[in-house]
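In: using only what follows, build the 3D model:
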Amino acid sequence: MSRAKGNDAERFTSKHLEEQGFTILICNYYTRFGEIDIIARRDEVLHFIEVKSGLDYERAVQNMTPQKIGRILKSVDVYLKHHGLACHYQIDAAIVSGGSCTLIESITL
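Out: Residues are numbered from 1 along each chain as shown. A predicted model of the protein is given here:
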């Protein structure tokens, strides 16, 4: 996927999340372990959201590999420590395909 398509998917997801009551805090947070696409807050919970897009839902979901989730976990740790936070959080995936966005909450390894 090109960077432009990824940016479009992230903007689409941000808008969708705001409509669902999320407050977007940061987009494209980079650490030495990788990038977190969107960091948002809803109901006192931080959401670290990986955006995946594809021609269909299944292909997009398959891009959420254990290695990718592991890098996200390390990046979450960096973010929390850097900001001195001890709060509830979860890692989510936003799947963009066919003009829709589906949020999969609390993904794990």
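In: quick one: residues contacting the residue nearest the centre of the chain.
Out: Residue closest to the average C-alpha location in the chain (Cα atoms, centre = their mean): Ile49, at 1.6 Å. Ile49 makes contact with 13, 17, 36-40, 91-94, 103, according to Cβ atoms under 8 Å, 6 or more residues apart in numbering. Any C-beta I mention is one placed from the backbone N, CA and C, and that applies to glycine too.
In: swap in Ala86?
Out: Leu80.
In: and for the one 5 residues further on?
Out: Counting by Cβ under 8 Å, 6+ apart, Ile91 makes contact with 47-50, 69, 72-73, 76, 106-108.
In: which residues are contacting the helix or strand of the chain with the lowest mean pLDDT?
Out: Within the chain, confidence by mean pLDDT, DSSP states H and E is lowest for helix 57-62 among all helices and strands, at a mean of 84. By Cβ under 8 Å, 6+ apart, the residues outside helix 57-62 that reach it are 52-54, 93, 95-98, 102, 104.
In: the helix or strand hosting Ile26 pairs with which strands, parallel or anti?
Out: In this assignment (DSSP states H and E), Ile26 forms part of strand 23-31. Taking DSSP bridges as the criterion, strand 23-31 sits next to strand 34-42 (antiparallel) in its sheet.
In: would you mind listing the buried residues in the helix or strand just after the strand it pairs with?
Out: Downstream of strand 34-42, the next assigned helix or strand under DSSP H and E is strand 45-53. Neighbour counts using 16 or more other Cβ atoms under 10 Å place 46-53 of strand 45-53 among the buried residues.
In: turn the residues you listed into CSV, including distance to Gly84.
Out: Output for the buried residues of strand 45-53, formatted as CSV (distance: Cβ to Cβ, whole Å):
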residue, distance to Gly84
Leu46, 13
His47, 19
Phe48, 17
Ile49, 22
Glu50, 24
Val51, 27
Lys52, 30
Ser53, 33
